[in-house]
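Q: Take a look and give me a structure for this.
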Amino acid sequence: MSLSVTDNSERVTAPRTVDTIIIGSGFAGLGAAIKLAQKGKHNFLVLERGSDVGGTWRDNTYPGAACDVPSHLYSYSFALNPDWTRSFSTQPEIQKYISSVARKYNVMDKHVFDSDVTSVTWNESTHRWDVVASTGEYTAKVVVTAVGALCEPNLPPIAGIESFEGDIFHSAQWNHDVSLEGKRVAVIGTGASAIQIVPAIAGKVKHLDVYQRTAPWILPRFDREYTALEKFAFKRIPGFQRLSRTGIYAARETQVVGLAKKPALMRIFELIAKQQINKGIKDKALRKKVTPNFRIGCKRMLISNAYYPALDRPNVDLVTDGIAEVKPHSIVSADGTEREIDALVVATGFHVTDSPAYQGIYGKGGKTLAQTFEEEGQQGYKGAAVANFPNMFFLVGPNTGLGHTSMVFMIESQLNYVVDALDTIEKHDIGVIEVRKDIQDDYNADLQDRMADSVWMNGGCASWYLDKHGNNTTLWPDFTFRFRAITRKFDLAAYRSVAASDLPAPAVGTVNDSDIEVAAK
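A: Next comes the predicted model:
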């Protein structure tokens with residue numbers, strides 16, 4: 001049969017069969033697509049729920065959105081960008097970079113956009129994954145999940161919030177059709193997004209209330225535009241940009257000593273952060289409100305030169321009493337004060353350790369990934385595999401997050417591992433492969449042992465780094481070059497595998513890749 005494709009979407013009436021399906025096309029999923037294509041593995045698809053590549057950087061378009069990792073480090077090592085305009089790039093520039101890389105490496109035709117995956121189910125009889133998406137049904141031997149940690153907005157369970165009659169939106173779902181100019185606005189949250197939004201809108205709104213549950217530690221943002229001479233050097237002098245990138249990487253890695261091994265060393269950063277407070281805020285009472293009571297690094301460290309001065313503006317109030325309820329046109333704080341507002345911005349972060357995406361992934365025996373993590377905690381093996389989920393690999397999986405440097409480095413490390421895994425499957429004609437549970441358990445026990453002395457476990461705070469069991473299942477507790485070392489090659493001995501020849505023949509009646517005409521974007 002033959003299907004034509006229009007508007008870059010597919011309406012498939014029968015399951016389409018491919019070797020590999022990649023879910024998501026942010027830095028991780030796009031990187032996987034590029035690496036597979038470079039290896040000559042062309043029988044794959046990328047299912048992306050958005051209308052373009054980019055993931056987090058496509059979706060988060062709020063005012064002031066920018067990266068907190070230096071530009072030259074926040075990019076693929078195989079696709080350096082000599083055209084960065086400043087040391088810390090803004091969202092539009094990062095999205096432009098990601099989109100340009102996708103087109104440079106000719107993988108756009110492997111994408112199915114506007115394809116929201118609703119379920120991924122391990123088929124015990126065919127030993128394949130059955131995938132249901134808004135664009136149709138698919139079946140694949142291997143699934144690579146590249147669903148980012150910061151993709152599912154976390155909406156606060158505040159009484160009455162559904163009754164608010166003004167404009168309301170999450171920071172990751174910014175409504176650009178709504179103007180905040182001259183309005184009374186409230187921002188709930190003081191995390192990474194909020195400290196960029198507040199300075200960007202404070203001078204435009206009539207009044208701004210910022211609701212703070214926990215004060216964050218904020219370090220200086222050493223951001224500036226690159227000079228013409230620097231841009232020339234990045235583009236024309238061989239090795240200059242890579243050397244600059246290496247220097248940034250090395251400087252960032254020094255923070256691991258304080259974060260993961262000797263938390264007392266983080267006091268140096270606290271002194272720098274307190275100088276930021278004193279420099280940016282004149283009012284002593286406000287200074288006290290924004291000074292955290294936990295060790296820096298326990299929660300995500302933030303960077304900004306504009307947040308504290310924005311809070312110090314006469315039209316901005318920092319509210320620390322907590323929210324009792326939201327009414328149709330106001331917010332009532334815990335002390336009974338009612339503040340009238342016209343618009344509400346929810347900047348309360350994302351589902352990280354409890355992503356809704358986990359509820360739709362069904363492994364062996366029909367147990368979902370959400371149920372597995374609920375019972376045992378969010379555990380995996382090298383962030384790339386989870387027991388009872390055969391032929392599935394994860395990018396940005398458990399304990400691959402960072403609090404100090406570029407996630408792109410970790411993603412590329414995992415890409416080495418996953419692509420080598422696919423090579424190994426092909427070389428040995430493996431039909432089913434699954435990480436051994438005892439190996440996974442030992443790996444996670446070692447991770448938690450190494451985490452014990454870290455600032456994340458001894459910093460005096462509660463954070464989204466920790467799951468309900470009290471384990472840090474989000475971050476990597478060591479130098480990133482050590483993660484690169486353990487993921488350089490796929491370790492088949494850590495897995496149970498079954499030869500393809502020992503499995504039953506594939507089910508018939510599906511649509512093969514060659515039967516479908518795909519329109520490139």
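
Q: so where's the chain shaky on pLDDT?
A: The model of the chain has pLDDT under 70 over residues 1-13, 149-152, 350-354, 505-521.

Q: buried set for stretch 408-425?
A: Residues of stretch 408-425 classed as buried under the neighbour-count rule (16 or more other C-beta atoms under 10 Å) are 408-415, 417-422, 424-425. In short, each C-beta sits where N, CA and C put it, glycine included.

Q: C-alpha coordinates for the top helix by length along the chain, CSV please?
A: Among the elements of type helix in the chain, defined by DSSP state H, the one spanning the most residues is helix 407-427. The C-alpha trace of helix 407-427 is given here as CSV (Å, rounded to 0.1, in the frame of the first residue of the first chain):
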residue,chain,number,x,y,z
MET,A,407,23.7,18.4,29.8
VAL,A,408,24.8,18.1,26.2
PHE,A,409,28.1,16.5,27.4
MET,A,410,26.1,13.8,29.3
ILE,A,411,23.8,13.3,26.3
GLU,A,412,26.7,12.7,24.0
SER,A,413,28.1,10.2,26.5
GLN,A,414,24.8,8.3,26.4
LEU,A,415,24.7,8.5,22.7
ASN,A,416,28.0,6.7,22.5
TYR,A,417,26.6,3.9,24.7
VAL,A,418,23.2,3.6,23.0
VAL,A,419,24.6,3.6,19.5
ASP,A,420,27.2,1.0,20.4
ALA,A,421,24.4,-1.0,22.0
LEU,A,422,22.5,-1.0,18.7
ASP,A,423,25.7,-2.0,16.9
THR,A,424,26.1,-4.9,19.3
ILE,A,425,22.5,-6.0,18.8
GLU,A,426,23.1,-6.1,15.0
LYS,A,427,26.5,-7.7,15.2
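
Q: right, and the helix or strand after it?
A: Next in sequence after helix 407-427, counting helices and strands by DSSP states H and E, comes strand 430-435.

Q: helices and strands around that following strand, which ones?
A: Strand 430-435 makes packing contacts with helix 407-427, strand 495-499 when contacts are defined by 3 or more C-beta pairs under 8 Å, 6 or more residues apart in numbering; DSSP states H and E.

Q: I figured residue 422 was touching residue 43, is that so?
A: No: the pair residue 422 and residue 43 does not pass the contact test of C-beta atoms under 8 Å, sitting 11.0 Å apart.

Q: Name the residues contacting each of these two.
A: Taking C-beta atoms under 8 Å, 6 or more residues apart in numbering as the contact rule, the neighbours common to residue 422 and residue 43 are residue 20.

Q: thinking again about what came up before, any chance of JSON lines for the helices and strands packed on strand 430-435, columns distance to residue 99?
A: JSON lines is the format used below for those (distance: least, C-beta to C-beta, whole Å):
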{"stretch": "helix 407-427", "distance to residue 99": "16"}
{"stretch": "strand 495-499", "distance to residue 99": "36"}
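
Q: From one end of stretch 328-341 to the other, what's the distance?
A: For stretch 328-341, the separation between the terminal residues is 9 Å (C-alpha to C-alpha, to the nearest Å).

Q: Check which residues of it are buried.
A: Neighbour-count burial for stretch 328-341, with 16+ other C-beta under 10 Å as criterion, is recorded at 330, 331, 332, 333, 341.

Q: how much space is there between the closest residue to the fourth one other than its chain neighbours and residue 209?
A: By the measure of C-beta to C-beta, 6 or more residues apart in numbering, the closest residue to residue 333 outside its immediate chain neighbours is residue 321, 4.3 Å from it. Shown here: residue 321 relative to residue 209, a distance of 11 Å by C-beta to C-beta, to the nearest Å.

Q: now do residue 416
A: The spacing between residue 416 and residue 209, counted by C-beta to C-beta, is 47 Å.

Q: likewise residue 159?
A: When distances are taken as C-beta to C-beta, residue 159 and residue 209 turn out to be 17 Å apart.

Q: Have a look at the two and say which one is more surrounded.
A: residue 209 (20 against 12; other C-beta atoms under 10 Å).

Q: The more buried one pairs with what?
A: When assigned by DSSP bridges, residue 209 has beta-bridge partners residue 186, residue 317.

Q: sorry, back to before: name the helices or strands packed onto the longest helix of the chain?
A: Contacts of helix 407-427 with other secondary structure elements, assessed using 3+ C-beta pairs under 8 Å, 6+ apart, are made with helix 27-38, strand 136-145, strand 392-394, strand 430-435, helix 480-486.

Q: One more pass at 10 Å, please.
A: Packing contacts for helix 407-427, counted by 3 or more C-beta pairs under 10 Å, 6 or more residues apart in numbering; DSSP states H and E, involve strand 16-23, helix 27-38, strand 136-145, helix 240-253, strand 392-394, strand 430-435, helix 480-486, strand 495-499.

Q: Next, the angle helix 407-427 makes with the fourth one.
A: Right, the one you point to is helix 240-253. Comparing the axes of helix 240-253 and helix 407-427 via axes from the mean of the first three to the mean of the last three C-alpha atoms, to 10 degrees yields an angle of 100 degrees.

Q: How about helix 240-253, which residues are buried there?
A: Burial within helix 240-253, assessed by neighbour count using 16+ other C-beta under 10 Å, is assigned to 241, 244, 245, 248, 249, 252.

Q: can you put those residues in CSV and add distance to residue 119?
A: Formatted as CSV, the entries for the buried residues of helix 240-253 read as follows, by distance: C-beta to C-beta, whole Å:
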residue, distance to residue 119
241, 43
244, 45
245, 40
248, 41
249, 39
252, 39
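
Q: follow-up on the earlier one: which of the buried residues of stretch 328-341 lies closest to residue 120?
A: Among the buried residues of stretch 328-341, residue 331 lies closest to residue 120 (C-beta to C-beta), at 39.4 Å.

Q: who does the host helix or strand of that closest one pair up with?
A: Here residue 331, judged by DSSP H and E, is contained in strand 330-333. Paired strands of strand 330-333, with direction, are strand 323-327 (antiparallel), strand 338-340 (antiparallel) (DSSP bridges).

Q: Can I get those strands in CSV including distance to residue 450?
A: As requested, those are exported to CSV (distance: least, C-beta to C-beta, whole Å):
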stretch, distance to residue 450
strand 323-327, 38
strand 338-340, 45
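
Q: The residue nearest to residue 333 sits in which helix or strand?
A: When secondary structure is defined by DSSP H and E, residue 321 falls outside every helix and strand.

Q: Could you measure from it over to residue 244?
A: Spatial separation of residue 321 from residue 244 under the definition C-beta to C-beta is 46 Å.
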